[in-house]
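> Any chance you could fold what I've pasted below:
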Amino acid sequence: MSLLLVIVIILAICFDFINGFHDAANSIATVVSTKVLSPLQAVLWAAAFNFLAYFLIKDHKVAATVAKTVHEHFITLHVILAGLIAAITWNLITWWFGIPSSSSHTLIGGFAGAGMTNALFMHENALGAINAAPIIQIIAFIFLAPFIGSFIGFAINAAMLHICKNAKPSKAEVWFKRLQLVSSGALSFAHGGNDAQKVMGIIYISLIAGGALPAKAAMPEWIPLACYSAIALGTMSGGWKIVKTMGTKITKVTPLEGFSAETAGAVTLFATEWVGIPVSTTHTLVGSIIGVGLTKRVSAVRWGVTINLIWAWIITIPISALIAGVVFAIVRNF
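The predicted structure is shown next:
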């Protein structure tokens, strides 16, 4: 195993760890903002369910989709290295400013940008380096995932309000605080299963590109174990700046609404994971929270904050691709 391959694998696992603390807010924001769990209890709860996915999810469709975003002809260890550096850079920038951007999209954007730049250096068509089908699917779900999450969140919250319309408010709140533990656990499980797979796909193609694994070989078991462990440890570290944005700045969330948003996010992630679409857990949960807010009134959602988040989502892939292209031009000769 070459030194470059070892560096790429280490960086991939580091990205997974950063993904965990960057996206911890997805799993714990509502459960913390409703005071169902303390911040420490929440990250431990979320991390446990992140790692539980390792034992129960054995079909790695999302990993396979990520691995196919760039055509094999253009994949080198330098391409993967540049993509990882770009993804880590953008994740840290957005974390610092408390912006809940997509770790999934920055990784895919970085990988695609480095692959396209490699094609240019090979005097070939840059767009020919990327596999159009998964890229179009991923870009489409930048908009579809939050819309689906919003629709399901609205439907679940409206149904819960109708079911509980005659319930005593204090008693209902106690029950929904308990139910939030279940919904938060389900969302954390889905987050671990969805996001860890993206790095699994990157490490897998790194081993093939580095000659350590033959093409179409089975994925070694240490890869999912390392990825699920890294994302769980990252979640335990927490991402408190983004928790504030997700938990309080989009709309005020009660235990009932937190349960509805988390359940909607989990359902959306399970469905997309089942068909192998690498969607953003961040986009999905933001959409779910908006849907829940809309059951009260349109003005309950802070649209100024929401529009700023959407702009961050739109620019994530192109900025990550641009950073990766520059990094690849620098590292390709090393």
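
> Remind me what the longest helix along the chain packs against, helices and strands.
Ordering each helix of the chain by length in residues (DSSP state H) puts helix 169-209 first. Packing partners of helix 169-209 (3 or more Cβ pairs under 8 Å, 6 or more residues apart in numbering; DSSP states H and E): helix 3-33, helix 39-56, helix 61-67, helix 77-96, helix 103-121, helix 222-237, helix 255-274, helix 281-294. In this view, the C-beta of every residue, glycine as well, is placed from N, C-alpha and C.

> So which of these is nearest Gly193?
Across the helices and strands packed on helix 169-209, Gly193 has its closest neighbour in helix 39-56 (3.9 Å, Cβ to Cβ).

> got the buried residues for that closest one?
Buried residues in helix 39-56, counted by 16 or more other Cβ atoms under 10 Å: Ala42, Val43, Trp45, Ala46, Ala47, Ala48, Phe49, Asn50, Phe51, Leu52, Ala53, Tyr54.

> if I read this right, the second one contacts Thr235, doesn't it?
Yes - using Cβ atoms under 8 Å, Val43 is in contact with Thr235, at 5.9 Å.

> The helices and strands packed on helix 169-209: which one's closest to Ala133?
Evaluated over the helices and strands packed on helix 169-209, closeness to Ala133 peaks at helix 61-67, with 9.2 Å, by Cβ to Cβ.

> just to revisit the earlier point, let me know which of the helices and strands packed on helix 169-209 is tucked in deepest.
Per residue and on average, the most neighbours among these fall to helix 281-294, with a mean of 29 (mean count of other Cβ atoms under 10 Å).

> chain center to that helix: distance?
With Cα atoms, centre = their mean, to the nearest Å as the basis, helix 281-294 stands 14 Å off its chain's centre.

> what do you get for stretch 278-288?
Distance, centroid of stretch 278-288 to centroid of chain: 7 Å (Cα atoms, centre = their mean).

> picking up where we left off before, possible to save the helices and strands packed on helix 169-209 as CSV with distance to Ala129?
Listed next are these as CSV, based on distance: least, Cβ to Cβ, whole Å:
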stretch, distance to Ala129
helix 3-33, 18
helix 39-56, 31
helix 61-67, 14
helix 77-96, 9
helix 103-121, 4
helix 222-237, 24
helix 255-274, 25
helix 281-294, 25
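
> Could you dump these into a markdown table and include mean pLDDT and distance to Ser206?
Output for the helices and strands packed on helix 169-209, formatted as a markdown table (pLDDT from 0 to 100; distance: least, Cβ to Cβ, whole Å):
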| stretch | mean pLDDT | distance to Ser206 |
| --- | --- | --- |
| helix 3-33 | 85 | 5 |
| helix 39-56 | 88 | 20 |
| helix 61-67 | 89 | 10 |
| helix 77-96 | 94 | 5 |
| helix 103-121 | 94 | 11 |
| helix 222-237 | 92 | 10 |
| helix 255-274 | 92 | 22 |
| helix 281-294 | 85 | 23 |
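
> and Ile152, which of these is closest to it?
Proximity to Ile152 (Cβ to Cβ) singles out helix 255-274 among those, at 3.9 Å.

> Next, the angle from the closest one to helix 169-209.
Interaxial angle, helix 255-274 versus helix 169-209 (axes from the mean of the first three to the mean of the last three Cα atoms, to 10 degrees): 20 degrees.

> angle of helix 255-274 against helix 281-294?
140 degrees.

> quick one: which of the helices and strands packed on helix 169-209 is nearest Ile163?
helix 255-274 (10.2 Å).
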